[in-house]
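[1] my questions concern the predicted model and sequence given below.
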Amino acid sequence: MVQNWGLMRGCLKSHSKLSPSASWLSAVAVAPNAQSRSYALTSRVAGSGAFTDGKAGDWCPSGLLTTAIGKQGTQILISSPSWLDAVELGSAAIIDDEIVRIDALDPDTGACTIARACADTVPQPHAAGARIWFYGDNAASDDVAYTMNTTLDAKLLTNTSEGQLDPSLAAVDSLQLQGRQGRPYPPGQFQIGGQYYPTSITGDVTITWAHRDRLGQADQVIDTLFGSTGPEPGKTYSVRLRRADNQSVLASETGITGTSTVAVTDYVGQVIVELWSVREGLESMQKHQHQFERVDV
């Protein structure tokens, strides 16, 4: 029996004339076997009846991480590779929910250098076995604009020389659209006390970051370590400091237009800092978050 496996994502489109709540569906997939030529993306609003006619999709270059990486790792080794020779340097890929840039790749060995947290994502740890998708121009879309919070069902139907997979045999994936293209990008260069992801901080907690611009960098794959771009007009930042044990808020600030703030607290122990962007009531899809020990002076 021919089987499909695919991953649906909110399509990253950015344009100043689009409604902030407009959302799109896209999908990537790897071939289930050597006889698979392509696939068709079929979709519907959840529970609404028949699936739409399929949009053609090509198999996406992909592979698995051989070992785990933390939030700052840039060297990965890819196992179970497919179509790596089609990947272009400087293009975007996605691991779990983090978009990365491909700075170097050896298709024969699977050795790859990535730049972290591009576009609207923040650095995240990834386990061994996590799949990397070199999505580039290899994502299929139904090309329909939906409203934010719409839940869609999708089926990916494999095409072979003998025909197309029977829709009744295809698994259903569901995704709630988040208005991703209209949300502000989270800031880059997230640091606490002048450090990336420190284990402890003494005294007041100083948080710094770099501006990001959803519109100005929409055609660029800028990573988290890059300097400020923009910012997008009307964009502000919010910061929150919480206790790690009971999640209670120790300090918070909203409406920040600059690139730094200081969270003051008397609490000593494990704390969590969160940093995100806000524009016209919409928050960035992802937030920076880091836990560390706050030590008294």
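    Right, received. Where do you want to start?
[2] poorly predicted segments of the stretch 1-150 of the chain, please.
    Scanning the stretch 1-150 of the chain for pLDDT under 70 picks out the ranges 1-17.
[3] can you show me the strands along it?
    With DSSP state E, counting those that start in this stretch applied, the stretch 1-150 of the chain shows strands at 6-10, 22-23, 25-29, 36-45, 55-57, 62-65, 75-82, 92-95, 98-105, 111-115, 131-133, 140-141, 146-147, listed in chain order.
[4] what are the contacting residues of the fifth one?
    Going back to what we said before, that points to strand 55-57. For strand 55-57, contacts defined as CB atoms under 8 Å, 6 or more residues apart in numbering pick out 27-29, 38-42, 138-143, 156. In this view, the C-beta of every residue, glycine as well, is placed from N, C-alpha and C.
[5] who does it pair up with?
    Neighbouring strands of strand 55-57 in its sheet, by DSSP bridges, are strand 36-45 (antiparallel).
[6] pull the distance from the partner strand to the chain's centre.
    How far strand 36-45 lies from its chain's middle: 22 Å, per CA atoms, centre = their mean, to the nearest Å.
[7] now it - C-alpha only, CSV.
    What follows is strand 36-45, C-alpha atoms only, in CSV (Å, rounded to 0.1, in the frame of the first residue of the first chain):
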residue,chain,number,x,y,z
SER,A,36,6.6,7.9,-6.1
ARG,A,37,6.8,10.7,-8.6
SER,A,38,5.0,13.6,-6.9
TYR,A,39,2.0,14.3,-4.8
ALA,A,40,-1.2,16.3,-4.8
LEU,A,41,-2.2,18.6,-1.9
THR,A,42,-5.9,18.4,-1.2
SER,A,43,-7.6,20.5,1.5
ARG,A,44,-10.8,21.7,3.1
VAL,A,45,-12.0,23.8,6.0
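[8] if we can go back for a sec, what's the most distant pair in the contacts of strand 55-57?
    Farthest pair in the contacts of strand 55-57 (CB to CB) is 42 and 138. Separation: 18.1 Å.
[9] what comes up buried for the host helix or strand of residue 159?
    Assessed by DSSP states H and E, residue 159 sits inside strand 151-160. Residues 152-160 are the ones in strand 151-160 that count as buried (16 or more other CB atoms under 10 Å).
[10] equivalent analysis for stretch 255-273, please.
    In stretch 255-273, counting by 16+ other CB under 10 Å, buried: 256, 259, 261, 263, 271, 273.
[11] same deal with stretch 37-50?
    For stretch 37-50, the neighbour count (16+ other CB under 10 Å) marks 38-44 as buried.
[12] ditto for stretch 187-201
    For stretch 187-201, by 16+ other CB under 10 Å, it's 187-192, 201.
[13] cool, and stretch 55-63?
    Neighbour-count burial for stretch 55-63 flags 55, 57-63 (criterion: 16+ other CB under 10 Å).
[14] next: stretch 223-238.
    With burial defined by 16+ other CB under 10 Å, the residues of stretch 223-238 counted as buried are 223-224, 226, 229-232, 235, 237-238.
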